[in-house]
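Peer 1: everything below, folded, please.
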Amino acid sequence: MALIYGSLFQGSNPVHAFQLDGNGGFLPIDVNASATQQSPFWLHYDYKNNESEKWIQQSPLFNDQVKSALCGQAGRWRLFKVGDGVLLTLQTLNTNAGQSPEQLVACRVFINSRLIISSRHRKVNSLDSVIDDLKEGVGAQSTGDWLVEVADSITDEISDFTDTLHERLINMEDSILNGEIPERGELALLRKQIIVIRRYMAPQRDMLARLAAEKILWIDDTDRKRLQEISERLGRCIEDLDGFVSRTAIMSDEITNMMTEMMNRRIYTMSLLAMIFLPTTFLTGLFGVNLGGIPGNEFRFAFSLFCILLAVLIGTVFWWMRKSRWL
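Peer 2: Here you go, the predicted model:
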């Protein structure tokens, strides 16, 4: 389709709708406006919205594969060329209120030289900076430029969170070195976040590298270079995450050793106490039998002497254990 008209988007109920003006800003979408190489559309949808889902399914702009993907029905795909366009998914942290960062959010994108259609269900906060740049007139000037801006914003978010994970690791390591054991589940949560983010960012790094290498006409050499740089930056984050996994494993072993040592120390102390009182237990058991003829049963100070004997015996055993360096 040589020209795309704004009327094609009527009733689609997008979350955001922009027409890039080619100078870093945007134009209001008019039902009679045309979008060419210099003025492409960007429409962002919530695919759980009934009107948006219906429009995607009925739009003549996409084939069945693109429709399925934009409606969140496709499987785990990363990058797929469709004609002169590209179908891809970008994932980033879930920074929505009340959500965990490792519960990643996905933005599904169909993009070519004239059109950008993106969809999601949970809000992708990484896109806010891209939208703000457009409103300030310093945003994307073309679809290829838009793709670079979005990839850069997502990678910045991942990089910042990686720095946060690093700080948490350092604080936890310092606590362990000081003999403090982290709260239950704290290390497990940290390790889960590291592993999940690393698991999903590695394919995304490869996808960005592939985009930089693919022969796509609407991605110029400058955008390719920037995509390659973003891929390398994301790769460094992944390398840091790999190191974090190893460090959490070391911390887990150290915590296990600390707990084992504490348990052994308690058992050792209890064993020493049992040894100290073993002779006295024997004597009290012996003299506690209910039989006649116990020595000293008619002596007035027998019980007092017996208690003194027990105290001396305990002191003697304690002194012997100290001398033997058991205590």
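
Peer 1: for residue 151, see how far away residue 25 is.
Peer 2: Noted for residue 25: a distance of 21 Å to residue 151, by Cβ to Cβ, to the nearest Å. Backbone N, C-alpha and C define where each C-beta goes, glycine included.

Peer 1: distance check, residue 303 against residue 73.
Peer 2: Noted for residue 303: a distance of 88 Å to residue 73, by Cβ to Cβ.

Peer 1: could you do residue 204 as well?
Peer 2: From residue 204 to residue 73 the distance is 21 Å (Cβ to Cβ).

Peer 1: which of the two has more neighbours?
Peer 2: residue 204 (23 against 11; other Cβ atoms under 10 Å).

Peer 1: and the strands in the stretch 101-250 of the chain, which stretches?
Peer 2: 105-111, 115-120 (DSSP state E, counting those that start in this stretch).

Peer 1: so which of the ones you listed comes closest to residue 253?
Peer 2: Closest of the strands of the stretch 101-250 of the chain to residue 253 is strand 105-111, at 33.8 Å (criterion: Cβ to Cβ).

Peer 1: what packs against the closest one?
Peer 2: In terms of contacts (3 or more Cβ pairs under 8 Å, 6 or more residues apart in numbering; DSSP states H and E), strand 105-111 is packed against helix 64-70, strand 85-92, strand 115-120, helix 143-177.

Peer 1: now do 7 Å
Peer 2: Applying 3 or more Cβ pairs under 7 Å, 6 or more residues apart in numbering; DSSP states H and E, one finds that strand 105-111 contacts helix 64-70, strand 85-92, strand 115-120.

Peer 1: figure out which of these is closest to residue 165.
Peer 2: That would be strand 85-92 among those, by Cβ to Cβ, at 15.0 Å.

Peer 1: quick one: average confidence on the closest one?
Peer 2: Regarding strand 85-92, the rounded mean pLDDT is 91.

Peer 1: packing partners for it?
Peer 2: Using 3+ Cβ pairs under 7 Å, 6+ apart as the contact test, the elements touching strand 85-92 are strand 79-82, strand 105-111, helix 143-177, helix 186-213.

Peer 1: remind me which residues of the stretch 201-327 of the chain are low pLDDT?
Peer 2: 286, 289-299, 326-327 (pLDDT under 70).

Peer 1: one more pass at 90, please.
Peer 2: 214-217, 251-327 (pLDDT under 90).

Peer 1: show me where the stretch 51-200 of the chain dips below the pLDDT cut-off.
Peer 2: 58-85, 96-103, 113-115, 137, 139-142, 175-188.
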